[in-house]
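Undergrad: structure of the sequence below:
(one chain, ligands or ions: 2)
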Amino acid sequence: MTAQLNPRGDVAVLVPAAGAGVRLGPGRPKALRLLAGEPLLVHAVRRLAAAPSVHTIVVAAPAAEVQAVRELLAPVAPVIVVPGGAERQASVAAALAAVPAGPTIVLVHDAARALTPPDLVESVAAAVRGGRDAVIPVLPVVDTIKEVGADEVVLGTVDRSALRAVQTPQGFRRAVLSAAHAAAGDSLTDDAGLVEKQGVAVSCVPGSEYAVKITRPFDLALAEHLLAAAG
Ligand SMILES: Nc1ccn([C@@H]2O[C@H](COP(=O)(O)OP(=O)(O)OP(=O)(O)O)[C@@H](O)[C@H]2O)c(=O)n1
Ligand SMILES: C[C@](O)(CO)[C@H](O)COP(=O)(O)O
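TA: Ligands and ions are numbered 1, 2, ... in the order given. Reported below is the predicted structural model:
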């Protein structure tokens, strides 16, 4: 059944989904790879549409797959689909440009984090709604982190107590994200980095281990197990 988004919601979610998935191995673009028989993007959009604050979802799809993605998602939720770019940042910028008037909060969420629970969407949105300009979900670093030189020889051990593993959805006041993308230079690996460069405070909320980014084959196998275990 097609989910209905909230016409009184204040959140737009941008879904960068145009990546090739090179680290996942040969095959279709990553967002279209199957997990439990359905594309990763379907899993991601279904969970976004279940978050009550969401008014708009804009998906940045591989340029050659825009119509196929529109047809794929039509039974899932009423989403806007635009062509993504050569880098993740360009895909996000393309999706941002397609957000209609209304939403005052913009979340950016990787399609590759296909099992992200709606509660995390609501937690990030609530933190922005509560007055923060930019919010990122994070997990503590559980491994020892070392700096290594060009020859893989250890240069030193990093104090991991000050480090966090960053996830998505990342949330922003719409004007803050728009200004950061308008001023963007070289591509960065996340949107919070663009906002940091503008001198805007970025704060953290607890992330979710289910928001794991499906990057390598092991991650896909883990996601299959998590879905099977959830029943
Ligand atoms: N040009 C790009 C590159 C990435 N992404 C999206 O950004 C998210 C995070 O990127 P990543 O996990 O690196 O995906 P890929 O770039 O596809 O992976 P790889 O680097 O292994 O090719 C993914 O949902 C991916 O689809 C995108 O929309 N446009
Ligand atoms: C945005 C992100 O998921 C936060 O951890 C990450 O930076 C994406 O990196 P990728 O190399 O594009 O997967």
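Undergrad: need the contact list for S203.
TA: Counting by Cβ atoms under 8 Å, 6 or more residues apart in numbering, S203 makes contact with A127, R132, A134, V135, I136. Using the backbone N, CA and C atoms, a C-beta is placed for each residue, glycine as well.
Undergrad: out of these, which is most surrounded?
TA: Neighbour counts for those (other Cβ atoms under 10 Å) peak at V135, which has 27 neighbours.
Undergrad: so which strand or helix has the residue in the chain that ligand 1 sits nearest to?
TA: Per Cβ to the nearest ligand atom, G19 is where the chain lies closest to ligand 1, at 2.1 Å. Using DSSP states H and E, G19 maps to neither a helix nor a strand.
Undergrad: between the contacts of S203, which is nearest T157?
TA: Checking those against T157 by Cβ to Cβ gives I136 as the nearest, at 24.6 Å.
Undergrad: circling back: please convert the contacts of S203 to TSV, extending it with distance to ligand 2.
TA: What follows is the contacts of S203, written out as TSV (distance: Cβ to the nearest ligand atom, whole Å):
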residue	distance to ligand 2
A127	17
R132	18
A134	13
V135	13
I136	8
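Undergrad: right, and the residue of the chain closest to ligand 1 touches A31 too?
TA: Yes. Counting by Cβ atoms under 8 Å, G19 does reach A31; the two are 7.1 Å apart.
Undergrad: now for the two: what residues contact both?
TA: A112.
Undergrad: quick one: contacts for the residue of the chain closest to ligand 1?
TA: G19 makes contact with P29, K30, A31, G84, R88, S91, A112 under the criterion Cβ under 8 Å, 6+ apart.
Undergrad: of those residues, buried ones?
TA: Neighbour-count burial (16 or more other Cβ atoms under 10 Å) applied to the contacts of G19 gives P29, K30, A31, G84, R88, S91, A112.
Undergrad: show only the entries of the contacts of S203 found in helices.
TA: Secondary structure from DSSP state H places A127 of the contacts of S203 in helices.
Undergrad: just the contacts of S203 that are near ligand 1?
TA: For ligand 1, no contacts are drawn from the contacts of S203 by Cβ under 6 Å from any ligand atom.
Undergrad: which of the buried ones among the contacts of G19 fall in helices?
TA: Mapping the buried ones among the contacts of G19 onto helices (DSSP H) picks out R88, S91.
Undergrad: dump the buried ones among the contacts of G19 into a markdown table; add pLDDT and distance to ligand 1 as well.
TA: A markdown table is the format used below for the buried ones among the contacts of G19 (pLDDT from 0 to 100; distance: Cβ to the nearest ligand atom, whole Å):
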| residue | pLDDT | distance to ligand 1 |
| --- | --- | --- |
| P29 | 98 | 7 |
| K30 | 98 | 4 |
| A31 | 98 | 5 |
| G84 | 98 | 4 |
| R88 | 98 | 4 |
| S91 | 98 | 3 |
| A112 | 98 | 4 |
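Undergrad: which of the buried ones among the contacts of G19 come close to ligand 2?
TA: Within the buried ones among the contacts of G19, those near ligand 2 by Cβ under 6 Å from any ligand atom are R88.
Undergrad: what is the nearest of the contacts of S203 to Y210?
TA: I136 (16.4 Å).
Undergrad: got the residues of the protein near ligand 1?
TA: 16-24, 30-31, 60, 84-88, 91, 110-112, 213, 215.
Undergrad: skipping its backbone neighbours, what lies nearest the most centrally placed residue in the chain in space?
TA: Among the residues of the chain, the one closest to the centroid is H109, at 1.9 Å (Cα atoms, centre = their mean). Nearest in space to H109, with sequence neighbours left out and distances taken as Cβ to Cβ, 6 or more residues apart in numbering, is P169 at 3.8 Å.
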